[in-house]
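# Could you work out the structure for the sequence below:
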Amino acid sequence: MGNDSYSGVTGTLEGADNGDTYNCTASNGVSSATDSIVIGAVSKPVIESLERVSPTVVRVEWSQPPGRAAVTGYVVFYYDGSVTRNKRVPSTSTEITVSSATLIYVISVMALSEERFLPRRSAWETITLWSPEGVVVDGSENTSVRVSWEAVEDADYYTVSFSAAVGDDQEGLCRDDSHSANVTVVDVPTANITVGEDVGSNDTSSLRAYTTYSVTVVAFSDKWGKTVGSEATRLTTLQRGSAAVPGRVTVSSLSSTVISVQWSGLSPCRLVNGVIVRYRVQYRAKSSGLVAGVKK
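Just a heads-up that it's a prediction; the model follows:
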């Protein structure tokens with residue numbers, strides 16, 4: 001018993017040249033079907049530029065593909081939310097009006113010819129129409145961080161978000177301790193946030209010292225809503241004075257003139273605020289006040 005259809009069959013035509021026309025016939029022994037194809041009639045276009053015209057309009061330009069067949073037009077495909085749309089145009093550029101300024105769009109172009117051929121789409125290209133750009137994070141001070149970006153059209157206010165890296169992405173000491181913070185500013189494209197010495201998990205208004213954060217900026221508008229977040233920028237805050245204290249201090253006498261002092265490491269980790277390079281041990285005789293301070 002034969003099959004009524006075939007799919008996924010490929011092969012090589014020896015000696016085929018661009019512009020040659022071939023008739024392709026498929027048969028199951030009982031019936032057959034024939035179609036024609038022009039080899040190399042039209043190659044796939046290449047998108048040269050995607051340009052934001054406004055929060056809801058994007059201009060697309062592409063190069064005309066090589067091939068012997070005459071190109072009679074193009075179809076531009078794009079995802080508008082969850083819907084795939086297309087626009088047929090005669091030339092190598094067009095403007096597309098989309099439904100929302102707050103989405104990321106992917107766009108592709110396909111060439112058309114009067115001759116029959118299997119069309120090939122260009123690679124899909126991505127564009128964000130309405131999002132903060134040019135984000136610069138300045139962490140050169142150990143008491144605060146300054147973030148600036150290019151002003152966004154129609155934005156009423158901005159929120160800058162800081163999310164602490166975890167694991168191998170964390171350059172500080174607390175690799176498994178999460179923390180986030182944010183700051184909101186109105187109208188102006190700059191924001192400042194404090195770097196503290198004792199910042200708890202519920203403190204979202206300050207950053208921790210010696211901690212790696214991912215920084216993003218989002219704009220909000222009464223007209224368009226919430227933008228797509230900016231590209232994430234990495235920041236490691238500078239070290240500050242430690243707010244942690246040694247634990248479990250024990251003292252023992254080794255001789256009439258020597259004592260041994262031992263302690264555990266600093267905790268909690270989030271209060272260490274940097275790399276500890278030495279400790280200061282202070283001691284005094286009960287009857288005479290402070291005797292000495294020794295660095296270790």
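
# Could you check how far the closest residue in space to residue 190 that isn't next to it in sequence is from residue 81?
The shortest distance from residue 190 to any residue other than its chain neighbours is 4.6 Å, reached at residue 148 (Cβ to Cβ, 6 or more residues apart in numbering). (C-beta placed from N, C-alpha, C; glycine too.) From residue 148 over to residue 81 the distance is 32 Å, taken as Cβ to Cβ, to the nearest Å.

# Mind checking which of those two has more residues around it?
For residue 148 versus residue 81, the count of surrounding residues by other Cβ atoms under 10 Å is larger for residue 148: 16 against 11.

# Can you name the residues bridging to the more buried one?
On the basis of DSSP bridges, residue 148 is bridged to residue 136, residue 190.

# before we move on, what about residue 186?
Partner residues in beta bridges with residue 186, using DSSP bridges, are residue 157.

# Look up how far residue 135 lies from it.
Residue 186 sits 18 Å away from residue 135, taking Cβ to Cβ as the criterion.

# who has more neighbours, these two?
Here residue 186 and residue 135 are compared on neighbour count by other Cβ under 10 Å; more neighbours surround residue 135, at 19 against 9.

# now the nearest residue to residue 101 once chain neighbours are set aside: how far from residue 211?
If you skip the residues right next to it in sequence, residue 101 has residue 55 as its closest partner in space, 3.5 Å away by Cβ to Cβ, 6+ apart. Separation of residue 55 from residue 211 (Cβ to Cβ): 35 Å.

# Compare neighbour counts for the two and give me the winner.
Of the pair residue 55 and residue 211, residue 211 is the one with more neighbours under other Cβ under 10 Å, namely 23 against 20.

# Grab the nearest non-local neighbour of that one.
Using Cβ to Cβ, 6+ apart, the nearest residue to residue 211 is residue 172, at 4.6 Å.

# tally of neighbours for that neighbour?
Taking other Cβ under 10 Å as the neighbour definition, residue 172 ends up with a count of 23.

# wouldn't it be in contact with residue 210 here?
Yes. Taking contact to mean Cβ atoms under 8 Å, the distance of 4.5 Å between residue 172 and residue 210 places them in contact.

# CA atoms only for stretch 122-141 - export them in CSV, please.
Taking only C-alpha atoms (Å, rounded to 0.1, in the frame of the first residue of the first chain), the coordinates of stretch 122-141 have been written out as CSV:
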residue,chain,number,x,y,z
SER,A,122,15.8,37.1,6.1
ALA,A,123,17.1,36.4,9.6
TRP,A,124,14.8,37.7,12.3
GLU,A,125,16.0,41.0,13.8
THR,A,126,14.9,42.4,17.1
ILE,A,127,14.1,46.0,18.2
THR,A,128,12.8,47.6,21.3
LEU,A,129,10.9,50.8,20.5
TRP,A,130,10.5,52.4,23.9
SER,A,131,13.1,51.7,26.5
PRO,A,132,15.9,53.6,28.5
GLU,A,133,19.2,53.6,26.7
GLY,A,134,22.7,54.8,27.5
VAL,A,135,22.7,53.7,31.1
VAL,A,136,25.8,54.7,33.0
VAL,A,137,26.5,53.4,36.5
ASP,A,138,29.0,55.3,38.6
GLY,A,139,30.2,53.4,41.7
SER,A,140,33.4,55.4,42.3
GLU,A,141,32.3,56.5,45.8
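
# and that stretch, what's its mean pLDDT?
Averaging the model's pLDDT scores along stretch 122-141 yields 90.
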